[in-house]
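> following is a predicted model, sequence given first.
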Amino acid sequence: MTEMQKITIVGAGAWGTALATCLRRAGRDVTLWARRAEVAEAINQQHQNPDYLPGVDLDPAITASDDLAVVGRADAVLLVTPAQQLRAILERLAGQLPAGCPLIVCSKGIEQSSGRLMSEVVAEVCPQNPVAVLSGPNFAKEIARGLPAATTLAVRDTELGASLVGALGSRTFRPYWSDDPMGAEICGAVKNVMAIACGIVAGRDLGDNARAALITRGLAEIGRLCLAKGGRVDTLMGLSGLGDLTLTCSAMQSRNFSLGFALGQGRALKAILSERASITEGVFSAQAIAHLAEELNLDMPITEAVNAVLHKSAKIEPVIEGLLARPFKAEHI
């Protein structure tokens, strides 16, 4: 396996920029692709990304460009674009990517139009490129500051997994290899929906007991979808599962939790989203996951409840009452 020295990150939002800082600490040559020229210019000239990661000084060796041609010169590519934009970006990239260049999915979501996971979209558009998944309990600002964190790097190929872990890992950013990319990706997508639900619980002041119960039953819903899609239940106990779910469902740093909190306090979804520069992936994933659960005949009541609030104009109080009125049952996935 060729040493992965030149890494390109497609997407210069908060998470993409934070990953660039990780890669520089690991000694890699890093280029960020930014959709907007002014973001690339700020990174190159000011060594900052004030629109998406304000207050963080970037290593001057990190470069940025709004020209997708930079991607073709990479040893590996990290895909950090919003989930709903990934297919369009890949279609522009497909002719420029060298065959065999690994594509690492770092976005957490499900494509609304097709119900496909991001790795499935990559495999469809770029079948000549191996696909890996990076997912874990990682807030961008903390990663960018160099605070300790761990994550899951999931890919079936053992040799490729070792190369990617070696390329990404540093003293403060600890990737753990997994051979279950499907499970890791499902955990990352569904936990955003659960974080919105937990935010609503907090915004409604329903208590810590209710939030703990929701996290636990949310984990059961993730497990059902994970098994149905060919993932493994033990992945739920790892960094991409329980680790990420616990973090995202417990902190206002989480865009999904904070959105749910605002909804729980009575604010309108449209108003909340209008104030945000970054995408709140759970809003889109809720609808896609609810549809997928219906297709697979899976019981995912929390997911459906969040989808009803976000996309079916359902009022929060009767949705909560509906969940509390469900029949008692045995505790299992």
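Thanks, I have it. Keep in mind that what you see is a predicted model, and the values were worked out from it rather than measured.

> for the rest of this, base every contact and every neighbour count on C-alpha atoms.
OK.

> sketch out the low-pLDDT regions of the chain for me.
For the chain, the stretches with pLDDT under 70 are 1-2.

> per-domain residue ranges of it.
Taking automatic domain parsing as the criterion, the chain consists of the domains 6-179, 186-324.

> burial measure for the nearest residue to L90 once chain neighbours are set aside, as a count.
Closest residue in space to L90, ignoring its immediate chain neighbours: V125 at 6.7 Å, by CA to CA, 6 or more residues apart in numbering. Neighbours of V125 under the rule other CA atoms under 10 Å: 16.

> and what of M182?
Counted by other CA under 10 Å, the residues lying close to M182 total 24.

> and the one 10 residues further on, by the same measure?
By the measure other CA under 10 Å, the count of residues near N192 is 28.

> cool, and V30?
V30 has 21 neighbours, counted by other CA under 10 Å.

> now I279
I279, neighbours per other CA under 10 Å, totals 16.

> do the same with the one 3 residues further on
Counted with other CA under 10 Å, residues neighbouring G282 total 30.

> could you do A18 as well?
Neighbours around A18, by other CA under 10 Å: 23.

> ok, A290 - contacts?
300, 303-304, 307 (CA atoms under 8 Å, 6 or more residues apart in numbering).

> mind redoing it with 7 Å?
303-304, 307 (CA atoms under 7 Å, 6 or more residues apart in numbering).

> in a markdown table, list those along with distance to Q265 and neighbour count.
Shown next, in a markdown table, are the contacts of A290 (distance: CA to CA, whole Å; neighbours: other CA atoms under 10 Å):
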| residue | distance to Q265 | neighbour count |
| --- | --- | --- |
| T303 | 20 | 26 |
| E304 | 20 | 20 |
| N307 | 18 | 25 |
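
> adding distance to Y52 and secondary structure, write those residues out as TSV.
TSV is the format used below for the contacts of A290 (distance: CA to CA, whole Å; DSSP: H, G, I helix; E, B strand; the rest coil):
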residue	distance to Y52	secondary structure
T303	28	helix
E304	31	helix
N307	27	helix
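
> that older thread, please report how far the residue nearest to L90 lies from L117.
Distance from V125 to L117, counting by CA to CA, to the nearest Å: 13 Å.

> joint contacts of those two?
With CA under 7 Å, 6+ apart, V125 and L117 have no common neighbours.

> these two touch, right, R232 and C226?
Yes: R232 lies in contact with C226 (CA atoms under 7 Å); the separation is 6.5 Å.

> list the contacts of the residue lying closest to N129 once chain neighbours are set aside.
Closest residue in space to N129, ignoring its immediate chain neighbours: G100 at 4.7 Å, by CA to CA, 6+ apart. Contacts for G100 (CA under 7 Å, 6+ apart) come out as 128-130.

> pick the one among the residues you listed closest to C106.
Nearest to C106 out of the contacts of G100 is P130 (CA to CA; 14.2 Å).

> next up, the contacts around the closest one.
Contacts of P130 by CA under 7 Å, 6+ apart are 100-103.

> if you rank those by neighbours, which is first?
L103 (23 neighbours).

> quick one on the thing from earlier: is it possible to export the contacts of A290 to CSV including distance to L153?
Formatted as CSV, those follow (distance: CA to CA, whole Å):
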residue, distance to L153
T303, 26
E304, 29
N307, 29
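
> before we move on, the earlier item: if I look at the residue nearest to L90, how far off is E295?
23 Å.

> residues contacting the helix or strand harbouring L227, please?
Element membership for L227, per DSSP states H and E: helix 208-228. Residues outside helix 208-228 that contact it (CA under 7 Å, 6+ apart) are 183, 186-187, 190, 194, 198, 201, 232-233, 236, 298, 300, 302, 333.

> I'm done for today, thanks for sticking with me.
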